[in-house]
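A.B. asks: model this:
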Amino acid sequence: QEHLVESGGGLVQPGGSLKLSCAASGNIFTMYAKGWFRQAPGKERELIAGISSGGVSTYGDSMEGRFIISRDNTKNEVYLQMNNLKSEDTAVYYCYAKSTPSWITTTVRNEYWGKGIQVTVSS
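C.D. replies: Residues are numbered from 1 along each chain as shown. Got it, this is the predicted structure:
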């Protein structure tokens, strides 16, 4: 059974930082491409960033700069560093993996989602 488990979310003040972690297990192999999405209330799920097995990262529209994706293949984990957070960053953040080493590959056999973790930016 495959698992993606997010951690590190919570409440943060505007301008603050958080680092999300996602631990993969089961058949989600270390060399799969992984990424982060988010979904705010009333909005569609949107891509924050994806990262290939070799560390090449791709960011969604307007995401590069305040968000930094990274991974540790030895731990089968992916991270999202979030800086200068704003109220509009409030959302449920989801970890994602797909059965290819390259993030830009769109046709894949398997995709996996974590259950999501709440990030609330508020004073």
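A.B. asks: And the helices in the protein, which stretches?
C.D. replies: Counting by DSSP state H, the chain forms no helices at all.
A.B. asks: List the contacts of the nearest residue in space to Val92 that is not next to it in sequence.
C.D. replies: Sequence neighbours aside, Gly116 is the residue nearest to Val92 in space, at 4.2 Å (criterion: Cβ to Cβ, 6 or more residues apart in numbering). To be clear about C-beta, it is placed using only N, CA and C from the backbone, and glycine gets the same treatment. By Cβ atoms under 8 Å, 6 or more residues apart in numbering, the contact set of Gly116 is Glu6, Gln39, Val92, Tyr93, Tyr94.
A.B. asks: quick one, strands of the chain?
C.D. replies: 3-7, 10-12, 18-25, 33-39, 46-51, 57-59, 67-72, 77-82, 91-98, 111-113, 117-121 (DSSP state E).
A.B. asks: Columns mean neighbour count on top of those, output as a markdown table?
C.D. replies: Shown next, in a markdown table, are these (neighbours: other Cβ atoms under 10 Å):
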| stretch | mean neighbour count |
| --- | --- |
| strand 3-7 | 17 |
| strand 10-12 | 14 |
| strand 18-25 | 19 |
| strand 33-39 | 23 |
| strand 46-51 | 20 |
| strand 57-59 | 17 |
| strand 67-72 | 18 |
| strand 77-82 | 21 |
| strand 91-98 | 22 |
| strand 111-113 | 14 |
| strand 117-121 | 18 |
